[in-house]
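K.L.:
Quick one, structure for this:
(chains A and B)
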Amino acid sequence: DTAVSQTPKYLVTQMGNDKSIKCEQNLGHDTMYWYKQDSKKFLKIMFSYNNKELIINETVPNRFSPKSPDKAHLNLHINSLELGDSAVYFCASSGQGPANYGYTFGSGTRLTVV
Amino acid sequence: QKEVEQNSGPLSVPEGAIASLNCTYSDRGSQSFFWYRQYSGKSPELIMFIYSNGDKEDGRFTAQLNKASQYVSLLIRDSQPSDSATYLCAPNPGGKLIFGQGTELSVKP
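P.N.:
Next comes the predicted model:
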């Protein structure tokens, strides 16, 4: 059983399009995250939700909108895609307690904007 | 100053040697620290975490933490070619993991 699953794994789209990435976790974790990893491999946090509530919203263009229908799901919708949005997007989740502050990552979605 | 700094490498060590990976961080509010390994094209996977000053050992891996110096390190003993990957340091200030840019490790047979 995949703990944190993301779909799609690859996404190639044209500039200006709108796309969504879905994430689901079956670990019973309360908190979920979206990270962006750019071409230089730098992992940067974008958003975090705790039990469906937005708790972290980093400096991200408002073309990016997360949605959490329940604590097991966190989706990312991107409007008006730009070339600079090309990256790998990772979903992650974490539970409670020091040992559980470590995150479990999904396999990533490689987004290419052409 | 970057929040988390790591030497980007690549760090090249011969098989069987000790690999030493270093990390400094700026936020003194960080209470716990994580090391992740990321193979090319894969997602980060947790190797170990530490939250007390001193050393913590897990198999071939030892994490070392010095909060006064804002320094955390990872030692890999008896390095294997399968250890070749990028190692990411991540302190946890305010409940969110902040990642360094990673150190690329190459273990040569």
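K.L.:
got the residues of chain A near chain B?
P.N.:
Proximity of chain A to chain B (C-beta under 8 Å from any C-beta of the partner chain) is limited to residues A:33, A:35, A:40-45, A:48, A:56, A:90, A:98-99, A:101-108. Where C-beta positions appear, they are placed from N, C-alpha and C, glycine not excepted.
K.L.:
which residue packs closest to A:Asn50, ignoring adjacent ones?
P.N.:
Ranked by C-beta to C-beta, 6 or more residues apart in numbering or on different chains and with sequence neighbours excluded, the top spatial neighbour of A:Asn50 is A:Thr31, at 4.7 Å.
K.L.:
Contact partners for the one you found?
P.N.:
The neighbours of A:Thr31, taking C-beta atoms under 8 Å, 6 or more residues apart in numbering or on different chains as the test, are A:48-51, A:55, A:93-95.
K.L.:
how does it look with 7 Å?
P.N.:
Applying C-beta atoms under 7 Å, 6 or more residues apart in numbering or on different chains, we find A:Thr31 in contact with A:48-50, A:93-94.
K.L.:
Identify those among these that sit within strands.
P.N.:
Judged by DSSP state E, the subset of these located in strands is A:48-50, A:93-94.
K.L.:
got a winner among those residues for most neighbours?
P.N.:
A:Ser93 (27 neighbours; other C-beta atoms under 10 Å in any protein chain shown).
K.L.:
Show the contacting residues for that one.
P.N.:
Residues near A:Ser93 by C-beta under 7 Å, 6+ apart: A:4, A:25, A:27, A:29, A:31-32, A:103-104.
K.L.:
For the chain, which segments count as strands?
P.N.:
If you meant another chain, say so; for now it's chain A. A:4-7, A:10-13, A:19-25, A:31-37, A:43-50, A:53-57, A:64-70, A:73-78, A:87-94, A:104-105, A:109-113.
K.L.:
should've been chain B
P.N.:
Counting by DSSP E, chain B has strands at residues B:4-5, B:11-14, B:19-25, B:33-38, B:45-50, B:54-58, B:61-66, B:71-76, B:85-91, B:103-108.
K.L.:
coming back round to it: which of the contacts of A:Thr31 lies closest to chain B?
P.N.:
Closest approach to chain B among those (C-beta to the nearest C-beta): A:Ser48, at 6.3 Å.
K.L.:
B:Ala85 contacts B:Lys42, correct?
P.N.:
No: taking C-beta atoms under 7 Å as the definition, B:Ala85 is not a contact partner of B:Lys42, at 8.5 Å.
K.L.:
Among these two, which residue is more densely surrounded?
P.N.:
Shown here are B:Ala85 and B:Lys42; by other C-beta under 10 Å, B:Ala85 has more neighbours (21 against 13).
K.L.:
quick one: contacts for the more buried one?
P.N.:
B:Ala85 sits next to B:37-39, B:105 when contact means C-beta under 7 Å, 6+ apart.
K.L.:
Now restrict those residues to buried residues only.
P.N.:
Buried subset of those (neighbour count, 16 or more other C-beta atoms under 10 Å in any protein chain shown): B:37-38, B:105.
K.L.:
Could you dump the ones in strands among the contacts of A:Thr31 into JSON lines and include pLDDT?
P.N.:
Formatted as JSON lines, the ones in strands among the contacts of A:Thr31 follow (pLDDT from 0 to 100):
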{"residue": "A:Ser48", "pLDDT": "92"}
{"residue": "A:Tyr49", "pLDDT": "92"}
{"residue": "A:Asn50", "pLDDT": "89"}
{"residue": "A:Ser93", "pLDDT": "94"}
{"residue": "A:Ser94", "pLDDT": "91"}
